[in-house]
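Peer 1: Here is a sequence with its predicted model. Questions after.
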Amino acid sequence: MGLRIINRRPGRGGALFWGALPFLAVLALYLTFSAMRLADNPNDKLLPALSTIAETVVRLAFTPDQRTGQVLLWVDTAASLARLAWGLAVSAALGLVIGIASGLVPYLRAGLSPFVAVVSLIPPMALLPILFISFGLDELSKVVLIVIGIAPFLIRDLAMRVEAIPPELVIKAQTLGASTWQIITRLVLPTMLPKLIDALRLSLGPAWLFLISAEAIAAQDGLGYRIFLVRRYLAMDVILPYVAWITLLAFLMDWGLRAINRRTSPWLTRGMA
């Protein structure tokens, strides 16, 4: 049994090696095809050299723009993170309040569950024109798109997790004289907060997608705005660093949420990915 590959686990060094291997393979492929294209056409823009990308990063991250006097990468990052933070915060609040209420109170569950289920099936991007017409082209429409995109998922996930709480715990709390509010604040809420953080981690990808899509259509700054602004010029030396930066930001947000769970609820996150 010990010889089977499913029973073998890499050590720390092996895990680092196997984790880095796909990234190194992608980098090697990029360098190879970039060198081939640039050998045929030194002005090729599709796969710019790493030196060209590095020069662009320095210009975007450390050099003020001649027209606005602002450092574009940080201005775009601040704008996108502010929109994303508002969208995630509102979605988390709705998910927590409505999810707990729907999962714990049968009458609310009967009234809210069908509506939330239907809303969750609406493609959020199909609503983008409606949001721009209703809320204008400013920040609110972008935040609302994120909320519509991920709040129904959070609500449904939290409601199902509340329903999965062992009934004997709720019965025991009632036997000890706990009111509905005390059951929520002392039993359900502490149990659901780590679950909410896990659900937020799973929602980061869709949240970034909705944000970038909204910024691409109607914005004056933001990471998505910048990517779609330069696409007409085939400026891959700008697009690729911005995509890598968005990926890094998403990774850091995921890591931060996971660290919060490990610190605040180690008994629930033991063994969590």
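Peer 2: Now that the structure is in, tell me what you want to look at. Numbering: from 1, shown residues only.
Peer 1: Against residue 161, how distant is the spatially most central residue of the chain?
Peer 2: The residue lying closest to the centre of the chain (C-alpha atoms, centre = their mean) is residue 204, at 1.2 Å. Distance, residue 204 to residue 161, by C-beta to C-beta, to the nearest Å: 19 Å. To be clear about C-beta, it is placed using only N, CA and C from the backbone, and glycine gets the same treatment.
Peer 1: May I ask which helix or strand encompasses the residue nearest to the centre of the chain?
Peer 2: With secondary structure defined by DSSP states H and E, residue 204 is part of helix 189-217.
Peer 1: same check, this time on residue 43
Peer 2: Residue 43 belongs to no helix or strand, assigned by DSSP H and E.
Peer 1: I'd like to know how far it sits from residue 52.
Peer 2: Distance, residue 43 to residue 52, by C-beta to C-beta: 11 Å.
Peer 1: One more: residue 20?
Peer 2: Between residue 20 and residue 52 the computed distance is 24 Å (C-beta to C-beta).
Peer 1: Between those two, which has more neighbouring residues?
Peer 2: Neighbours were tallied for residue 20 and for residue 52 using other C-beta atoms under 10 Å; the higher tally belongs to residue 52 (15 against 11).
Peer 1: what about the more buried one, helix or strand, and which?
Peer 2: Per DSSP H and E: residue 52 is located in helix 50-62.
Peer 1: Chain neighbours aside, what residue packs nearest to residue 108?
Peer 2: Closest residue in space to residue 108, ignoring its immediate chain neighbours: residue 101 at 4.9 Å, by C-beta to C-beta, 6 or more residues apart in numbering.
Peer 1: residues contacting residue 131?
Peer 2: Contacts for residue 131 (C-beta atoms under 8 Å, 6 or more residues apart in numbering) come out as 141, 144-145, 148.
Peer 1: again, only this time at 7 Å
Peer 2: Residues near residue 131 by C-beta atoms under 7 Å, 6 or more residues apart in numbering: 141, 144-145.
Peer 1: Flag the least confident of the residues you listed.
Peer 2: Across those, the smallest pLDDT goes to residue 141, namely 89.
Peer 1: what's around it, how many residues?
Peer 2: Look at residue 141: counted by other C-beta under 10 Å, it has 20 neighbours.
Peer 1: Go ahead and name everything in contact with the strand or helix carrying it.
Peer 2: Here residue 141 sits within helix 139-163, counting by DSSP H and E. Applying C-beta under 7 Å, 6+ apart, the external contacts of helix 139-163 come out as 83-84, 86-87, 90-92, 94-96, 98-100, 102-104, 116, 119-120, 124, 127-128, 131-132, 135, 188, 192, 195-196, 199, 203, 206-207, 210-211, 214-215.
Peer 1: Helix or strand next in line after that helix, which one?
Peer 2: Per DSSP H and E, the first helix or strand lying C-terminal to helix 139-163 is helix 167-175.
Peer 1: Next, the angle helix 189-217 makes with that following helix.
Peer 2: Using axes from the mean of the first three to the mean of the last three C-alpha atoms, to 10 degrees, the inter-axis angle of helix 167-175 relative to helix 189-217 is 120 degrees.
Peer 1: by contact count, what packs against helix 167-175?
Peer 2: Contacts defined by 3 or more C-beta pairs under 7 Å, 6 or more residues apart in numbering; DSSP states H and E place helix 167-175 against no helix or strand at all.
Peer 1: quick check: mean pLDDT across whatever helix or strand comes next after it?
Peer 2: Moving toward the C-terminus from helix 167-175, the next helix or strand (DSSP H and E) is helix 180-183. Mean pLDDT, helix 180-183: 85.
Peer 1: For the helix or strand where residue 18 lies, which residues meet the burial criterion?
Peer 2: In the assignment (DSSP H and E), residue 18 maps to helix 12-40. Residues 34, 37-38 are the ones in helix 12-40 that count as buried (16 or more other C-beta atoms under 10 Å).
Peer 1: Could you check the angle the helix or strand hosting residue 255 makes with helix 50-62?
Peer 2: Assigned by DSSP H and E, residue 255 falls within helix 236-264. Computed with the same axes, to 10 degrees, the direction of helix 236-264 lies at 60 degrees from that of helix 50-62.
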